[in-house]
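>>> need a 3D model of the following:
(2 chains)
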Amino acid sequence: MGRYVLRRLLQMVPVFLGTTFLIYALVWAVPGDPFEGKCGERDCPESYVAAMREKFNLDDPLVVQYGKYLLNLVQGDFGQTSAGLQVGERIAATFPVTLRLALVALLVEAVIGITAGVVSGLRNRGFLDSLVLVSTLFLISIPVFVTGYVVQLVFGLQLGWISPTVSTPTFGNLIVPGFVLASLSMAYVTRLTRAGIAENRRADYVRTALAKGLPTNRVIGVHLLRNSLIPVITFLGTDLGAFLGGAIITEGIFNVPGIGGLVFRSILTKDGAMVTGLVTVLVLVYLLMTLLVDLLYAVLDPRIRYD
Amino acid sequence: MRARLVAAATGVALVAAGCGAAETTGSADAGITIFNTEPENPLVPGNTTETGGSRVLDPLFTGLVEYRGEDAQPANAMAESIETTDSKVFTVKLKQGWKFHDGSPVTAKSFVDAWNWTAYGPNATQGATFFSQIQGYQDVHPADPDGPDGPEKAPTPTTDAMSGLVVVDDHTFTITLSEAFSVFPVTVGYEVFAPLPEAFFKDRAAFEAAPIGNGPFKFVSRQPGAEIKLTRYDDYQGSDKATFKDLTLKVYQSRESAYADLVANNLDFLEELPPNALAGKKYESDLGDRVVQRETLNNQTIAFPFYLKPYDNVDLRRAISMAINREEITQRIFEGTRKPADGWVHPLMKGYTPGQCGEYCTYNPAKAKESFQKSGYTGEILLLSNTDGGHQEWAEAVANSIKNTLGVETRFVPSTSFGEFRQKVNAHEMTGMYRSGWIADYPSIQNWLSPLFRTGASSNDGLYSNPAFDAKIAEADKATSEDEAIKLYLEAERIVAQDMPSIPLWTQNTIAGKSNRLKVANLDPFRTLDVPSVEVG
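Now for the predicted structure:
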């Protein structure tokens, strides 16, 4: 186990280098001078453009630029934005907000999704099963921005139950955006769980467990669920990564000051240092999440061994 | 089961939201929250020209003159007087007793040092070019011999002070321009001309973190990406004092989310409603009497590329202009929120004279056809525009209007993003006539003509050139009285009318919204909240 983890961690190094280089190259390769349009309708003074190019090493060859960036990065310096803010500080301020939102969403989709999946999987072709199938189909077919705007309009503006946007990103305030963000994945989790349960409940080991006279709750909760959850865990793990990087729409609708909005704005304003820094962090999160998921497999299914 | 869970969750959120809302009572101590975008540059007046930063700096600083909220006319603010006899040398007398927020006095030196710092090449500010008319600018800001992309660096300036700025005493200084420019006193109301305190020159980083100004509001705190808080400066000497205490500029990810907060009265002012609120006049039912509307200093035009045939043909340009039914398009597509233009100078400008464009800006099918025949052109006409700013509908309507009137194939060619479109405009790569617009930098009749149509001017993207126009503008710039200058600028506008380098289409009404807490909140002609006008109910 220990050697496996070490090997996986070492594998991260080339992946990390490769992705950060690609992102770095792509961000500055976006067509258009990054300082064009910075000064409104007129051209920026030449001295301003020259100083900015020097600050971000844009006059060096790409590999040298990347080298300089990486050298600062390993020392923990993410660099500065063109507004003179520290990229590291901005990430430290926004990341916890998005993490909170992602955890709320993950909790919502895991609890509701797995429960609904188990219930419908056990009652194959019953009324409840059909209801779950239809409602998940409904959720899957609605894009997140529709769900978001409808929830905001109905609960925020028409009924006035919630504030239409998030004023302070506490766990409580993030429940509604968390629901919206999780709605699509919740439907997938339900269907994955349902398929797993429906398939496994006729398996030999379940029949054996029941024949031994074990209580039904234990058979379902331990024997059946543990085997059915492997694909669900994979999905949840990668989903957390996706939530962290892809909550742009939900964050935009509810004005959550998280990473999504920051990435989006930084791309628009062509703030290369900020985009690279943020995406680097996201890449790391993704790598760690997949490692965690892989380790969880071994816990859930003893047949899976890593040494 | 799911339904029950949702209800429970919203219940929690409701309680949490209830805790967060802070209500203040008594209008003098009230605080208001207005929409903002994240400032893109450090908070130094000479180094920020975009709106997210300007909205913060505007209440923090008071310049020599400020533009009145109701009609954009410049009025002396920090200046006691700005006098000149030849439009080349200006003597500025400052009002006494003004202080920066840190208690240091505002003197002539505060202005001169700030302007010199902003203009100084190695400081690399965005606002440097605004000082290019002052004598000695070339010495502090020498041009890069091969442009910013070239390997050579700009030479180091020989001095860090412009010879045209001379401090006479604590409250007097003189400005000498390299050429006479009668409109100069109007331009100094722009934010980049603000004074800077001693503290700035001692510790720039500290100043950027907590700016110190001389305006009606002082800086309290900033949470990047979330909000900036300002509070009333009680020792403020100016006439534009605020009637409320705290001003919070909240950063929104999108106008749409800000609009939702505005409808729910969580946000006090949003100066331009998002497209989803404007569609079908939805805002009228959402906001009712909370809609704030006014004519603002921007217009919409169609510009011609003089580097491309057949658009260099004056008869064709006139024919196209006379073939556009402005009345009908503004009524049908904009439901009256646009006003047909009859000239290039904006109607809110001092000196504006109606009908300067005359018959060439009036819909007249017969004359349009006649002029079109005279041009001898029979091919296709192209109209280019970006579509991300809601331009597609009217551009198609204009193309149709031309097509129906002249009986010639007219096609609208869309371009997806403003950035890409602007880049092609700047590179002179237009393949047809194209959408153009102008937002006033400073409220002067000169600003609607000179930067757009003078040979080689900064925003003359179509490469129009007429020596008679250039000469008239130069003459007007040198005029010694405002009346005389206006008269000459109007003559220049009539030269433009003969040449039609661009077609004026319409001017705009901007639609803003306020919360029910504000009794009065006006929009100023520059599309921002007129802060002194705010009355909290």
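>>> CA only for contacts and neighbour counts going forward, please
Noted.
>>> contact partners for residue B:350?
Counting by Cα atoms under 8 Å, 6 or more residues apart in numbering or on different chains, residue B:350 makes contact with B:73, B:444-445.
>>> no, scratch that, I was asking about residue B:244
Counting by Cα under 8 Å, 6+ apart, residue B:244 touches B:27-32, B:232, B:534-536.
>>> ok so, going back, buried ones among the contacts of residue B:350?
By neighbour count, with 16 or more other Cα atoms under 10 Å in any protein chain shown, these hold B:73, B:444-445 as buried.
>>> any chance of TSV for these, columns secondary structure, distance to residue B:61 and pLDDT?
Below are the buried ones among the contacts of residue B:350 laid out as TSV (DSSP: H, G, I helix; E, B strand; the rest coil; distance: Cα to Cα, whole Å; pLDDT from 0 to 100):
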residue	secondary structure	distance to residue B:61	pLDDT
B:73	coil	18	86
B:444	coil	21	90
B:445	helix	25	91
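>>> could you look up the SS state of the residue in the stretch 51-200 of chain A that chain B sits nearest to?
Using Cα to the nearest Cα, residue A:83 is the residue of the stretch 51-200 of chain A that sits closest to chain B, at 3.8 Å. Taken by DSSP: H, G, I helix; E, B strand; the rest coil, the conformation at residue A:83 corresponds to coil.
>>> just checking, it touches residue B:38?
No. Assessed by Cα atoms under 8 Å, residue A:83 is found out of contact with residue B:38, at 9.6 Å.
>>> hmm, back to that, so which of the contacts of residue B:350 comes closest to chain A?
Chain A lies nearest to residue B:444 out of the contacts of residue B:350, by Cα to the nearest Cα, at 17.2 Å.
>>> residues touching the nearest residue to the closest one once chain neighbours are set aside, list them.
Of all residues beyond its chain neighbours, the one nearest residue B:444 is residue B:349 (6.3 Å), with distances taken as Cα to Cα, 6 or more residues apart in numbering or on different chains. Neighbour list for residue B:349: B:72, B:443-445 [criterion: Cα under 8 Å, 6+ apart].
>>> likewise for residue B:512?
Contacts of residue B:512 by Cα under 8 Å, 6+ apart are B:269-273, B:291-293, B:523.
>>> which is the next helix or strand following the strand or helix carrying it?
Assigned by DSSP states H and E, residue B:512 belongs to strand B:502-514. Later in the chain than strand B:502-514, the nearest helix or strand by DSSP H and E is strand B:518-523.
>>> so which elements touch that next one?
strand B:291-303, strand B:529-536 (3 or more Cα pairs under 8 Å, 6 or more residues apart in numbering or on different chains; DSSP states H and E).
>>> now render those strands as a markdown table, adding mean neighbour count, distance to chain A and mean pLDDT.
Output for the helices and strands packed on strand B:518-523, formatted as a markdown table (neighbours: other Cα atoms under 10 Å in any protein chain shown; distance: least, Cα to the nearest Cα, whole Å; pLDDT from 0 to 100):
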| stretch | mean neighbour count | distance to chain A | mean pLDDT |
| --- | --- | --- | --- |
| strand B:291-303 | 21 | 12 | 90 |
| strand B:529-536 | 20 | 19 | 89 |
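>>> okay, residue B:6: pLDDT?
You'll see residue B:6 listed with a pLDDT of 34.
>>> residue B:30 too?
The model reports residue B:30 with a pLDDT of 87.
>>> quick check, it in contact with residue B:242.
No. Contact criterion Cα under 8 Å: residue B:30 and residue B:242 do not qualify, at 10.7 Å.
>>> tell me where the stretch 101-250 of chain B has helices.
According to DSSP state H, counting those that start in this stretch, the stretch 101-250 of chain B carries its helices in the segments B:108-119, B:137-140, B:184-187, B:198-202, B:204-209.
>>> any residue of the first one touching chain A?
Put plainly, it is helix B:108-119. No. Contact of helix B:108-119 with chain A (Cα under 8 Å from any Cα of the partner chain) is absent, the minimum separation being 10.0 Å.
>>> alongside chain B, which residues does the stretch 101-250 of chain A contribute?
Checking the stretch 101-250 of chain A against chain B by Cα under 8 Å from any Cα, the hits are A:112, A:152-153, A:156-157, A:160-165, A:167-168, A:172-176.
>>> narrow these to those in helices?
A:112, A:175-176 (DSSP state H).
>>> for residue B:153, give me its contacts.
Applying Cα under 8 Å, 6+ apart to residue B:153 gives the contacts B:144-145.
>>> residue B:530 too?
B:69, B:521-524.
>>> which of the residues of the stretch 101-250 of chain A next to chain B count as buried?
A:112, A:152, A:156-157, A:161-165, A:167-168, A:172-176.
>>> run through the residues that contact residue A:260.
A:98, A:244-249, A:251-252.
>>> try it again with 6 Å
Residue A:260 is in contact with A:247-248, counting by Cα atoms under 6 Å, 6 or more residues apart in numbering or on different chains.
>>> and for residue A:187?
Residue A:187 is in contact with residue A:136, counting by Cα under 6 Å, 6+ apart.
>>> if we use 10 Å, what do you get?
Residue A:187 is in contact with A:109, A:112-114, A:116-117, A:132-133, A:135-140, counting by Cα atoms under 10 Å, 6 or more residues apart in numbering or on different chains.
>>> same deal with residue B:365?
Taking Cα under 10 Å, 6+ apart, one finds B:319-320, B:322-325, B:371, B:401-402, B:404-406 in contact with residue B:365.
>>> 6 Å - rerun?
B:323, B:405.
>>> now the end-to-end length of stretch B:306-324.
Distance between the two ends of stretch B:306-324: 20 Å, counting by Cα to Cα, to the nearest Å.
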